[in-house]
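K.L.:
sequence unavailable; structure follows:
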Ligand SMILES: NC(=O)C1=CN([C@@H]2O[C@H](COP(=O)(O)OP(=O)(O)OC[C@H]3O[C@@H](n4cnc5c(N)ncnc54)[C@H](OP(=O)(O)O)[C@@H]3O)[C@@H](O)[C@H]2O)C=CC1
Ligand SMILES: Nc1nc2c(c(=O)[nH]1)N=C([C@H](O)[C@@H](O)CO)CN2
């Protein structure tokens, strides 16, 4: 399989899923530009592997536009754009509106503005892809992460709209995972409860997202689709 010389852009790749997928894409022979907000060991590890790290804070229109401007000084072409950056915030007393606004900006405004302003960078790639990392929770809602779920549902809508707008030049798809990786502070009771929610009952890790990315990048006949990667939560 020949890989395009144009780099893949992936957001929020300093840790966890984004870090793993970036490492796998580099192993596949892709060039990668990744964004980070915090300087983490994973950021330097990716630089050491030859990836280009660009600072980005997607919490406001101004900082999103500043990133787009900086990106265009680093490349004049892209093979794909993968929107992975995310915050998973619960409703907290007095902090609801601020958290809601942050997540709408990260999960909706950033993909929206980047897709609008950076589609031109994809024009010389064939195939060209935009991939939104969403969440299976949009299927039924979430009583504990109302704003998060709503913002991810908005991202699912962007998948449909941009797929229609950019076809046939650019494929636009989503991936909707359920539990992938626990967080360090998840206790045993939470872990058991989360595992019991799916038919397959496992913590799959990040590679199931890389495998989904690989499928979407390689398949010429899929657009406007959001892949469910949830261990069978919907049949439990
Ligand atoms: N982990 C899981 O089990 C699941 C994950 N998902 C989705 O999969 C994707 C990857 O998940 P995971 O790896 O756990 O994600 P993380 O929670 O680790 O977040 C990924 C990155 O997003 C970046 N980020 C957060 N806020 C901002 C911001 N305002 N501006 C720029 N970057 C920001 C962070 O960057 P930095 O560290 O540099 O600050 C962080 O490293 C996400 O979209 C998530 O919603 C969906 C379902 C389950
Ligand atoms: N940005 C993030 N989004 C999500 C995370 C995370 O750690 N960061 N984690 C989850 C949970 O694993 C959830 O799927 C468990 O039911 C959801 N989104």
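P.N.:
In hand now; what should we look at? Remember, predicted model here, so these are calculated numbers, not experimental data. Ligands and ions are numbered 1, 2, ... in the order given.
K.L.:
so which residues of the protein form helices?
P.N.:
Counting by DSSP state H, the segments of the chain that form helices are 16-27, 41-48, 61-74, 96-104, 110-118, 146-166, 188-195, 207-218.
K.L.:
skipping its backbone neighbours, what lies nearest residue 39 in space?
P.N.:
The shortest distance from residue 39 to any non-neighbouring residue, by C-beta to C-beta, 6 or more residues apart in numbering, is to residue 14 (7.9 Å). All C-beta atoms are positioned from the backbone trio N, CA, C, and that covers glycine.
K.L.:
distance check, the one you found against residue 47.
P.N.:
11 Å (C-beta to C-beta, to the nearest Å).
K.L.:
avg pLDDT for stretch 73-81?
P.N.:
Averaging pLDDT along stretch 73-81 yields 98.
K.L.:
hmm, that stretch touching ligand 1?
P.N.:
No: Stretch 73-81 is not in contact with ligand 1 by C-beta under 6 Å from any ligand atom; minimum separation 13.8 Å.
K.L.:
pull out the buried positions in that stretch.
P.N.:
Using 16 or more other C-beta atoms under 10 Å as the test for burial, stretch 73-81 gives 75, 78, 79, 80, 81.
K.L.:
ok, and what's touching that stretch?
P.N.:
3-4, 6-9, 30, 33, 52, 54, 114-115, 118, 121-122, 124-125, 128-131, 217 (C-beta atoms under 8 Å, 6 or more residues apart in numbering).
K.L.:
and the residue nearest to residue 77 when sequence neighbours are not counted, how many neighbours does it have?
P.N.:
Using C-beta to C-beta, 6+ apart and skipping residues adjacent in sequence, the residue nearest residue 77 is residue 6, 4.0 Å away. Neighbourhood size, residue 6 [other C-beta atoms under 10 Å]: 19.
K.L.:
tell me the one among the buried residues of stretch 73-81 nearest to residue 203.
P.N.:
Distances from residue 203 to the buried residues of stretch 73-81, taken as C-beta to C-beta, are shortest for residue 80 (27.0 Å).
K.L.:
what is the most widely separated pair among the buried residues of stretch 73-81?
P.N.:
Checking the buried residues of stretch 73-81 with C-beta to C-beta, the most distant pair is 75 and 80, at 12.3 Å.
K.L.:
so what's the residue count around residue 155?
P.N.:
As a burial measure, residue 155 scores 26 neighbours (other C-beta under 10 Å).
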